[in-house]
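Engineer: this one's structure only:
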Ligand code: GH3
Ligand code: MG
Ligand code: MG
């Protein structure tokens, strides 16, 4: 702890310094003017300096040049010095200047005609206590800030985890449900329809049986990548519905647009040439897609479950009529 006495009176400052040094284990320095003190404090010159070399200031009210009230006001306007306790030194109980000193930001004052040792020490001790309390508070605030930012980070991670499927990194069913609710609420008169594609990998059980579960997982990841890069317009999302079934939601999209996306998915998966001996198509992995859409008019009195049900029916139709194809619900 370092204390700085700022007083133009050599005699008075020495008396105060002697008392403080005799009773406290702290360094006590003297500056004979506000200007000199500013230099010691690093207040002038290097504005970026964050380390303040003194923790308590004793400031004479009346000094030639800049007086103590002005000096206190200037210091307190600087964020770095706002929490440093400033004790005013005054020869008399001049109410007006004491009042201005408090307004300038002083925490207390001592009268020095004469200097009373006990009173001086009591005031200094309460300034030290105040300083320590403020330091503790600042440390707690810093810790809290760190904790809050760690917590925000964990929350972001948790949010991501709770919305995504860990294998494919696509959205999961939970998120898809919420998303569909939101999009359902956004369907308005005059907008295009809201479309959904249900995608199911063909003969995937036999793929697993033939190539093993790990290869199966890799194949699902590849399918997921195709879905993600194909459903990429505006608010489009792809999600894992469960197992080897996926869903793509295309908000504000006409049915013919949804058919384009569905056929593109089919083609890209075939072009991915994932070998599958028991496939119905050239020994490569394929999928089937059911497409359904709903316009504003149709959405009245309907529900998102019904929309998914239609896409599911179309998918069933695609499976029954040979797989590896897109079927539109009609
Ligand atoms: P269909 O052409 O009629 O869709 O036949 P299918 O064999 O694909 O359909 P079925 O529902 O009989 O089998 C789906 C298989 O998908 C069963 C399961 O082994 C596999 N599967 C589901 N989830 C996963 C997964 O996370 N990883 C792996 N490797 N396989 C999975
Ligand atoms: Mg399947
Ligand atoms: Mg299935």
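Structural biologist: Received it, and whenever you're ready, just let me know what you need. Keep in mind the model is a prediction, meaning the values are calculated, not measured. Numbering: from 1, shown residues only. Ligands and ions are numbered 1, 2, ... in the order given.
Engineer: tell me the mean pLDDT for the top helix by length along the chain?
Structural biologist: Using DSSP state H, we find that the single longest helix of the chain is helix 117-163. Averaging pLDDT along helix 117-163 yields 95.
Engineer: how near is the residue in the stretch 1-150 of the chain positioned nearest to ligand 3 to residue 133?
Structural biologist: As assessed by Cβ to the ion, ligand 3 sits closest to residue 150 within the stretch 1-150 of the chain, at 41.1 Å. From N, CA and C alone the C-beta is placed, and that goes for glycine too. Using Cβ to Cβ, to the nearest Å, residue 150 is found at 26 Å from residue 133.
Engineer: for whichever helix or strand residue 88 is part of, list every residue counted as buried.
Structural biologist: Assigned by DSSP states H and E, residue 88 belongs to strand 86-90. Residues 86-90 are the ones in strand 86-90 that count as buried (16 or more other Cβ atoms under 10 Å).
Engineer: do stretch 98-111 as well
Structural biologist: Buried residues in stretch 98-111 (16+ other Cβ under 10 Å): 98, 100-101, 104-111.
Engineer: what's the span of that stretch, first residue to last?
Structural biologist: In stretch 98-111, first residue to last residue: 10 Å (Cα to Cα, to the nearest Å).
Engineer: which pLDDT value goes with residue 299?
Structural biologist: Per-residue pLDDT puts residue 299 at 88.
Engineer: next one: residue 49
Structural biologist: What the model reports as pLDDT for residue 49 is 64.
Engineer: just residue 188 next, same as before
Structural biologist: For residue 188, the predicted pLDDT is 79.
Engineer: okay, now it: neighbour count?
Structural biologist: Using other Cβ atoms under 10 Å, residue 188 has 9 neighbouring residues.
Engineer: what does stretch 109-116 rub up against?
Structural biologist: Around stretch 109-116, the neighbours that count as contacts under Cβ atoms under 8 Å, 6 or more residues apart in numbering are 12, 15-16, 19, 58, 61, 87-93, 98, 101, 119-120, 123.
Engineer: what do you get for stretch 294-307?
Structural biologist: Defining contact as Cβ under 8 Å, 6+ apart, one finds that stretch 294-307 is touched by 180-181, 184, 187-196, 292-293.
Engineer: got a quick ChimeraX command for the buried subset of those residues?
Structural biologist: Applying 16+ other Cβ under 10 Å to the contacts of stretch 294-307 leaves a buried subset, and the ChimeraX line that selects it is:
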select :180,184,187,192,193,194,195,196,292,293
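Engineer: ligand 2 contacts on the protein?
Structural biologist: 200-201, 204, 244 (Cβ under 5 Å from the ion).
Engineer: and ligand 1, which of those residues reach it?
Structural biologist: Here is what survives when those are matched to ligand 1 using Cβ under 6 Å from any ligand atom: 200-201, 204, 244.
Engineer: which one of the residues you listed is nearest residue 157?
Structural biologist: When these are ranked by distance to residue 157 (Cβ to Cβ), residue 244 comes first, at 27.4 Å.
Engineer: pretty sure that closest one contacts residue 200?
Structural biologist: Yes. Using Cβ atoms under 8 Å, residue 244 is in contact with residue 200, at 6.4 Å.
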